[in-house]
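Q: how does the following fold in three dimensions:
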Amino acid sequence: MAKWIISIVVIINIILICPQIFYLNLFDDLKEGRTWCVVLYSSLLNTYSSSIIFFHFFAPFLLNLFSAIFIIIGTARQRFLMKAEHHFTNHFKSKLKQHKHLLISPIILVILSLPRLIISYTLNCKKSSEYFWLYLFGYFISFMPSVLICFVFVLPSVTYKKEFQQVLLCIQQHFSLIKINSFVNKHF
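A: Next up, the predicted model:
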C-alpha cells in the first residue's frame, strides 16, 4: 500500500509542476554575456503556481500536525477507557508530555522552511541586488530541515534520543577498541 501511495504522490507532483515547465524561456543577454532563465506566467498560471507553492508548504505541515494530535488524543482516549479513575484531561496531559516531539518537529520544519517560501515570492531577476546575501542565506537555511534531521526528529523524542546515545556509545567503544589494538600491535 505504501509503495502505491508514494508512486501516486510522485506522479501527482510531476503533473502539478508540468504547466510551469512550459513557460520557462531562455533569454540570451548579449550585453552581460550570460543566459537568463525567465518565467513568464499568465495571471491564471501565476495564481496556480502560488497555490501549488502554498500547498506543498502547508500540506505536509498540517498532515504531520493533525496526525500528531490524532495520535495524542487517540492514545489518551484509549488510556481513559482502560483507566476511568482519572479524568480524560489528566490522560491527555500525560500523553501530550509523552508525545510532545510529534508536535515540536513539524513546527520546527515550518520555521526552518519559511525562508524558502518567502524567497519564492520575493526573489526576482535583477542585475544586482542589495539583498543578495540575505537571499542566499535564506536559500541555504531552507535546506536546514534535511541537514538537521537529527535535531528536528531524534533529539526531541526521548526514545530516539536514548537510542541515538546508545549508538554513539557503541561507535565510541568501537574506536577505542581500534586504538587499543593499534597501540598493542605497535608496542608488542
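
Q: now the residue nearest to Lys161 when sequence neighbours are not counted: how far from Leu45?
A: Nearest residue to Lys161, sequence neighbours excluded (Cβ to Cβ, 6 or more residues apart in numbering): Leu155, at 5.6 Å. (Each C-beta comes from the backbone N, C-alpha and C, glycine too.) Distance of Leu155 to Leu45, given as Cβ to Cβ, to the nearest Å: 42 Å.

Q: burial count for the residue nearest to Lys161?
A: Number of residues near Leu155 (other Cβ atoms under 10 Å) recorded here: 15.

Q: show me how the record splits this structure into domains.
A: Taking automatic domain parsing as the domain assignment, the ranges for the chain are 1-40, 44-156, 159-188.

Q: can you redo those as JSON lines with mean pLDDT?
A: JSON lines is the format used below for those (pLDDT from 0 to 100):
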{"stretch": "domain 1-40", "mean pLDDT": "79"}
{"stretch": "domain 44-156", "mean pLDDT": "79"}
{"stretch": "domain 159-188", "mean pLDDT": "79"}
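
Q: tell me the most buried of those domains?
A: Scoring these by mean neighbour count under mean count of other Cβ atoms under 10 Å gives domain 44-156 as the most buried, with a mean of 14.

Q: helix, strand or coil for Ala84?
A: Of the three states, Ala84 takes coil under DSSP: H, G, I helix; E, B strand; the rest coil.

Q: now swap in Ile69 and tell me
A: Strictly by three-state DSSP, Ile69 counts as helix.

Q: same thing with the one 10 residues further on?
A: Going by three-state DSSP, the secondary structure assigned to Arg79 is helix.

Q: that one reaches Gln98, doesn't it?
A: No - counting by Cβ atoms under 8 Å, Arg79 does not reach Gln98; the two are 10.2 Å apart.

Q: which other residues reach stretch 35-43?
A: Applying Cβ atoms under 8 Å, 6 or more residues apart in numbering, the external contacts of stretch 35-43 come out as 20, 23-29, 49, 125.
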